[in-house]
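In: Just to be clear, the model below is a prediction. Sequence and coordinates:
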Amino acid sequence: MFSFATSMTPGPNNIMLLSSGLTFGYKKTIPHILGVVIGFPLMTIFVGLGLGEFFKIYPFAFTILKIVGILYLLFLAWKIANSTPKFQENDENSQPLKFMPIVLFQWINPKNWIKIITAISVYVTSVENATTQIIVITIIFFLTVLVSANSWAIGGVVLKKLIKSDIGIRRFNVIMAILLVLSIVPTLFE
């Protein structure tokens, strides 16, 4: 339930998937979906198996990661706000996000760090079974993120049927970009 609730709620990944589904359609959003679906569980397993300890020893590294993440989120918000709807494909500057940048984005997404650290600190109950429990947590995250990423991208496709004009899509993308920027605010006060 924790994984489902945290995966389905709005956050940077879901806002970007909704916008991409609306702007580019489901098929062109698949690399973005796969980047989230594969990238987040990979992050979960690596953090769970020890990278989190690195940040405890070197907290400045986490601060640097947080700053880079915020800057990248601002860049992505700008990109979303300036993206061109799918039916205006002549604009070569407007393209859906690709697989590898999204896999890498998982590491600088503040919501992911909160989800993983919370899940591991609450649901890993013994040192002896930690590896098995981390693998189970990762599998559960994989399944819920698979449902969530596809749901948000499909939600964007459905919205496109309701928003009939280029101006409407542009306005929607600007609103999504603003929400993405607002999603940074809680991380500024941690």
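Out: Looks like it arrived, so ask away. Numbering: from 1, shown residues only.

In: Look through the protein and tell me its longest helix.
Out: helix 130-162 (DSSP state H).

In: Just give me how far it sits from the chain centre.
Out: Remark: helix 130-162 is offset 10 Å from the chain centroid, using CA atoms, centre = their mean, to the nearest Å.

In: One more: stretch 64-77?
Out: So, by CA atoms, centre = their mean, the centroid of stretch 64-77 is 12 Å from its chain's centroid.

In: go on, stretch 65-78?
Out: The answer for stretch 65-78 is 12 Å, by CA atoms, centre = their mean.

In: ok, and for the host helix or strand of residue 4, which residues are buried?
Out: With secondary structure defined by DSSP states H and E, residue 4 is part of helix 2-8. By neighbour count on 16 or more other CB atoms under 10 Å, the buried set for helix 2-8 is 3, 6-7. Every residue, glycine included, has its C-beta placed from N, CA and C.

In: which residues sit in contact with residue 47?
Out: By CB atoms under 8 Å, 6 or more residues apart in numbering, the contact list for residue 47 reads 113, 116-117, 120.

In: ok, these vs residue 173, which is closest?
Out: Lowest distance from residue 173 to the contacts of residue 47 (CB to CB) belongs to residue 113, with 26.2 Å.

In: Just give the number of residues close to that closest one.
Out: As a burial measure, residue 113 scores 22 neighbours (other CB atoms under 10 Å).

In: Work out for me the element it sits within.
Out: For residue 113, the element it lies in under DSSP H and E is helix 110-123.

In: Look at the residue most central in space within the chain and tell me its secondary structure.
Out: Nearest to the geometric centre of the chain sits residue 13, at 2.3 Å (CA atoms, centre = their mean). Using DSSP: H, G, I helix; E, B strand; the rest coil, the structure places residue 13 in helix.

In: ok, and the closest non-adjacent residue to it?
Out: Once flanking residues are discounted, residue 13 sits nearest to residue 36: 5.1 Å by CB to CB, 6 or more residues apart in numbering.

In: Now do the phi/psi pair for the spatially most distant residue from the centre of the chain.
Out: Within the chain, the residue lying farthest from the chain centre (CA atoms, centre = their mean) is residue 128, at 31.5 Å. The phi/psi pair for residue 128 (degrees, to the nearest 10) reads phi -60, psi -30.

In: Tell me which residues touch residue 19, please.
Out: Residue 19 touches 80, 83, 156, 172-173, 176-177, counting by CB under 8 Å, 6+ apart.

In: Is it part of a helix or strand, or is it coil?
Out: The three-state assignment at residue 19 reads helix, by three-state DSSP.
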